[in-house]
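>>> Build the 3D model from these lines:
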Amino acid sequence: MLLSWLVCAATGAPLDPEAFASLGTWAPTANASIDTDALTLTGGYTGVESGGVAVFDFDDVLLDGVTITIRGSRPVAILSRGDLELSLTTIDARAAFAVPGPGGYPGGTGAGAGPGAGAAGTSIACGGGGGHGGSGGQGQLGLPGGFPYGDARQALTGGSSGGGFASVYAGGAGGGAVELGAIGTLTIDATSAVDVSGGISVHPNAGGGAGGMILLHASTAVISGSLLAHGGNATVAGGGGGGGGHICQSVPIPGATVDLAGGVGYAAGRLGVSCTSDADGDGFPWHLDCADHDPARHPGALDVCGSGVDEDCSGVADDQPNLSDPTPGTAGVLNAAEVTCATPGSTVALAWAWSLGSSPIPGCPTMSSLDQPTLLAVRAADGTGRASFTGLAPAGLAGRTLALQAVEIGTCRPSNTVEPTF
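Down below sits the predicted model:
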């Protein structure tokens with residue numbers, strides 16, 4: 001499940017190329033521009049708005065020797081049902097002084113704009129840098145930079161702007177937010193760049209804008225180009241530097257040049273955030289993992305009863321019956337196992353198999369995680385949702401491992417699996 005980040009309207013990243021009507025093949029022979037407010041692309045193409053994002057979907061995208069300039073208040077997603085290739089090409093979604101990139105926040109003469117806005121400078125104190133992936137730098141005489149925010153795996157967000165100076169000079173704007181997604185191969189060669197950098201402050205005493213966001217996803221990728229989401233500069237004797245942005249991808253990009261540095265300032269902006277393909281090492285890439293910072297939360301994890309946390313990424317907390325390991329776990333004696341978090345009064349069946357696998361559950365659309373399971377026993381859950389099972393573990397099980405799983409009859413909710421060795 002992909003949660004929604006409510007800072008802005010651009011929710012639901014990453015987007016599925018097959019969820020939108022294709023505009024055909026896009027292979028421009030000259031520079032082009034995208035207006036995310038008007039949903040227009042040079043060449044007569046018209047995109048659609050989805051969750052606050054301007055979406056342009058194609059069969060294939062072949063960009064060779066061109067610059068694509070993107071402006072507007074919405075982030076942009078360029079999607080391909082086939083391949084998406086950039087060669088000698090620049091995707092320009094950076095901020096230009098006080099003018100933001102697509103989905104970024106504009107610079108102003110007072111406090112910055114956006115969730116990570118830099119503090120406004122006065123006639124004697126300098127503006128703070130805008131925050132995004134990294135926090136913005138402090139301006140001279142102590143005015144703070146903006147806080148970090150956002151997660152590219154959940155929503156596209158642009159950078160926040162730095163604080164202005166003396167109510168006259170604008171801070172740098174926030175960099176834009178760009179999603180590039182392909183069902184096939186995503187290629188960004190060494191001569192190409194995607195640039196969502198924050199804006200330089202209009203006056204050295206104003207704060208720099210924060211870097212934006214780049215989201216890349218594809219079945220495979222060959223990326224040796226530049227991914228730029230650095231914060232905008234102020235000066236070392238004046239405003240705070242903008243914080244670095246976010247760069248997130250579903251596939252490794254070891255050959256890419258990645259720039260998430262904070263901008264120069266009285267205090268430099270902090271380094272931005274880079275997602276790896278599986279940050280917590282739990283075997284589930286970020287786009288399939290609802291909490292890629294926590295290895296205990298992923299599809300198939302035990303949804304711990306009463307925790308209030310969605311450990312199995314189903315979208316609902318505490319929605320899975322919990323099966324305990326049998327105790328004492330010794331062959332030749334009585335063993336007990338317990339199911340908790342069942343529906344009070346429901347009927348719970350316990351099954352075993354020699355190994356994990358996938359088998360139909362009779363009368364249910366869900367599948368068991370056991371290979372050719374055999375029914376052990378059926379019990380009724382009490383008023384607290386507990387069902388207890390007790391039985392003799394044969395002496396012949398000594399040293400052997402088997403798999404156990406419970407299923408709540410009626411709702412077809414399977415429990416976690418346990419694999420005790422007796």
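
>>> Please make it C-alpha for all contacts and neighbour counts, starting now.
Noted.

>>> Report the contact partners of the residue nearest to Gly159 when sequence neighbours are not counted.
Counting by Cα to Cα, 6 or more residues apart in numbering, the nearest residue to Gly159 once its immediate chain neighbours are dropped is Gly174, at 4.0 Å. Neighbour list for Gly174: 94-95, 100-101, 104-107, 130, 158-162, 197-199, 209-212 [criterion: Cα atoms under 8 Å, 6 or more residues apart in numbering].

>>> Now do the buried residues in stretch 326-340.
Across stretch 326-340, burial judged by 16 or more other Cα atoms under 10 Å covers 326, 329-331, 335-340.

>>> So Val55 is in contact with Thr46, correct?
No: Val55 lies out of contact with Thr46 (Cα atoms under 8 Å); the separation is 9.1 Å.

>>> between the two, what contacts are shared?
Shared contacts of Val55 and Thr46 (Cα under 8 Å, 6+ apart): Leu39.

>>> more crowded one of these two?
For Val55 versus Thr46, neighbours defined as other Cα atoms under 10 Å are more numerous around Val55 (25 against 18).

>>> for that one, helix, strand, or coil?
The three-state assignment at Val55 reads strand, by DSSP: H, G, I helix; E, B strand; the rest coil.

>>> Tell me what it is bridged to.
Beta-bridge pairing of Val55, defined through DSSP bridges, involves Val48, Ala77.

>>> Can you pull up the most central residue in this protein?
Centroid check for the chain by Cα atoms, centre = their mean gives Arg153 as the closest residue, at 0.9 Å.

>>> Could you report the separation of that one from His217?
Computed as Cα to Cα, to the nearest Å, the Arg153 to His217 distance reads 10 Å.

>>> Overlap of the contact sets of those two?
Pro14.

>>> Kindly export stretch 378-396 (C-alpha atoms) in PDB.
Output of stretch 378-396 as PDB, limited to C-alpha atoms (Å, rounded to 0.1, in the frame of the first residue of the first chain):
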ATOM      1  CA  VAL A 378     -11.100 -26.500  14.700                       C
ATOM      2  CA  ARG A 379     -11.900 -24.200  17.700                       C
ATOM      3  CA  ALA A 380     -14.200 -21.300  18.500                       C
ATOM      4  CA  ALA A 381     -12.700 -18.000  19.400                       C
ATOM      5  CA  ASP A 382     -13.800 -16.600  22.800                       C
ATOM      6  CA  GLY A 383     -15.200 -13.100  23.500                       C
ATOM      7  CA  THR A 384     -11.700 -11.600  23.300                       C
ATOM      8  CA  GLY A 385     -10.800 -13.200  19.900                       C
ATOM      9  CA  ARG A 386      -8.600 -16.000  21.400                       C
ATOM     10  CA  ALA A 387      -8.700 -19.600  20.200                       C
ATOM     11  CA  SER A 388      -6.600 -22.200  22.000                       C
ATOM     12  CA  PHE A 389      -5.300 -25.500  20.500                       C
ATOM     13  CA  THR A 390      -3.700 -28.400  22.500                       C
ATOM     14  CA  GLY A 391      -2.500 -31.700  21.100                       C
ATOM     15  CA  LEU A 392       0.200 -34.400  21.400                       C
ATOM     16  CA  ALA A 393       3.200 -33.800  19.100                       C
ATOM     17  CA  PRO A 394       4.200 -37.400  18.100                       C
ATOM     18  CA  ALA A 395       7.600 -38.600  19.100                       C
ATOM     19  CA  GLY A 396       8.500 -39.100  15.500                       C
END
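
>>> List of residues touching it?
The contact list for stretch 378-396 (Cα under 8 Å, 6+ apart) reads 330-350, 377.

>>> Repeat the analysis, applying 10 Å as the threshold.
The contact list for stretch 378-396 (Cα atoms under 10 Å, 6 or more residues apart in numbering) reads 321-324, 326-327, 329-351, 376-377, 406-409, 422.

>>> In strands only, show me those residues.
Of those, the ones assigned to strands by DSSP state E are 322-323, 334-340, 347-351, 376-377, 406-409.

>>> show me the contacts for the nearest residue to Ala377 once chain neighbours are set aside.
Leaving aside its sequence neighbours, Ala377 sits nearest to Leu350 (Cα to Cα, 6+ apart; 5.4 Å). By Cα under 10 Å, 6+ apart, the contact set of Leu350 is 323, 337-339, 373-379, 387, 389, 404-408, 414-415.

>>> To what extent is Gly363 buried, counted in neighbours?
Neighbour count for Gly363, taken as other Cα under 10 Å: 9.

>>> In three-state terms, how would it be classified?
Under three-state DSSP, Gly363 falls in the coil class.

>>> That one reaches Ile409, doesn't it?
Yes: using Cα atoms under 10 Å, Gly363 makes contact with Ile409 at a distance of 9.2 Å.

>>> that older thread, in CSV: the buried residues of stretch 326-340, plus pLDDT.
Below are the buried residues of stretch 326-340 laid out as CSV (pLDDT from 0 to 100):
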residue, pLDDT
Pro326, 95
Gly329, 94
Thr330, 95
Ala331, 94
Asn335, 95
Ala336, 95
Ala337, 95
Glu338, 95
Val339, 94
Thr340, 90
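
>>> Could you work out the most separated pair of those residues?
Using Cα to Cα, the buried residues of stretch 326-340 span at most 24.0 Å, a distance reached by Ala331 and Thr340.

>>> where does the chain have low pLDDT?
Scanning the chain for pLDDT under 70 picks out 1-13, 276-277, 279, 286-287, 318.

>>> hmm, back to that, which of the contacts of Leu350 count as buried?
323, 337-339, 373, 378-379, 387, 389, 404-408, 414-415.
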